[in-house]
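Novice: What shape does this take:
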Amino acid sequence: METIQKREAWNKGKLVGQKPPLKPKDIWAIRIHLQNAHAVRDLAMFNLAIDSKLRGCDLVNLHVHDVTHGKQILTRAMVIQRKTQRPVQFELTEPTRVAVATWIEEAQLRSDQYLFPSRVASSPHVSTRQYARIVHQWVEAAGLDSSVYGTHSMRRTKATLIYKRTKNLRAVQLLLGHTKLESTVRYLGIEVDDALEISEQTEI
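Specialist: Take a look at the predicted model:
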């Protein structure tokens, strides 16, 4: 009899699917770690990643003038997304404004410079690949499994919290810069989460 060799599944041993958002306790754990380490750039980058809800490619492409007006850090900013070429607005909370201002001052950045310039001479700013590595370092510092989380965890974190508190899908759609509401539903994994929540609250 001929033996049929089973092909190993491409996703065997790999975690497939969307990267989960960070929980509030994880956010604080990372912030405290970065503050204690005096990691001024990383604290500014982390806070801005959470507040802005930007894709990694848009975050690393930010210029100083995107988040400043003169010497002041903006409370709201707007950028054109590279993927959709559509504008998206985001807020900068006080901790983020303080962290970004401290970083700009320490690095002595000019208005026309990238907010997160690369330390590698061949690249003008931190690359998306480098940003992904930095995110893994943050996650590990919080005692989390870095293989589970990624750059999209940063993008999803505040959006997920806003949805859970308000259930306002349209607001989250605008904040993420999605063209279709269906994209936001899929991105947040809302239907599954809500179904589980309803199920947990239903006693038989």
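
Novice: contacting residues for Val64?
Specialist: Contacts for Val64 (Cβ atoms under 8 Å, 6 or more residues apart in numbering) come out as 104, 109-115. All C-beta spots, glycine's among them, are computed from the backbone N, C-alpha and C.

Novice: Repeat that for Arg41.
Specialist: Listed by Cβ under 8 Å, 6+ apart, the contact set of Arg41 reads 103, 106-107, 116.

Novice: what about 10 Å?
Specialist: 34, 99, 102-103, 106-107, 115-117, 119, 126, 134 (Cβ atoms under 10 Å, 6 or more residues apart in numbering).

Novice: Tell me which stretches of this protein form helices.
Specialist: 24-36, 40-52, 56-60, 64-67, 94-107, 128-141, 151-166, 169-176, 181-188, 190-201 (DSSP state H).

Novice: quick one on the thing from earlier: lowest-confidence one in the contacts of Arg41?
Specialist: Within the contacts of Arg41, pLDDT reaches its minimum at Arg119, with 82.

Novice: What pLDDT does the model give the residue positioned nearest the centre of the chain?
Specialist: With distances taken as Cα atoms, centre = their mean, Met154 lies nearest the centre of the chain, 2.1 Å away. With respect to pLDDT, Met154 has a value of 93.

Novice: go on, Arg7?
Specialist: Looking at Arg7, the pLDDT reads 53.

Novice: which residues of the protein score low on pLDDT?
Specialist: By pLDDT under 70, the low-scoring segments of the chain are 1-17, 190-204.

Novice: nearest spatial neighbour of the residue nearest to the centre of the chain, skipping sequence neighbours?
Specialist: Excluding the flanking residues, the one nearest Met154 by Cβ to Cβ, 6 or more residues apart in numbering is Ala49, at 4.0 Å.

Novice: for Thr96, same thing?
Specialist: Closest to Thr96 by Cβ to Cβ, 6+ apart is Asn47, at 4.0 Å.

Novice: ok, that neighbour - how many residues close by?
Specialist: Neighbour count for Asn47, taken as other Cβ atoms under 10 Å: 24.

Novice: Let the chain start at 34 from now.
Specialist: OK, 34 is where the count begins now, so the last one is Asn80.

Novice: List the contacts of it.
Specialist: Per Cβ under 10 Å, 6+ apart, neighbours of Asn80: 60, 63-64, 67, 125-133, 136.

Novice: repeat that with 8 Å
Specialist: 64, 126, 128-129, 132-133 are the contacts of Asn80 under Cβ under 8 Å, 6+ apart.

Novice: And Gln114, by the same measure?
Specialist: 87-88, 91, 120-121, 210.
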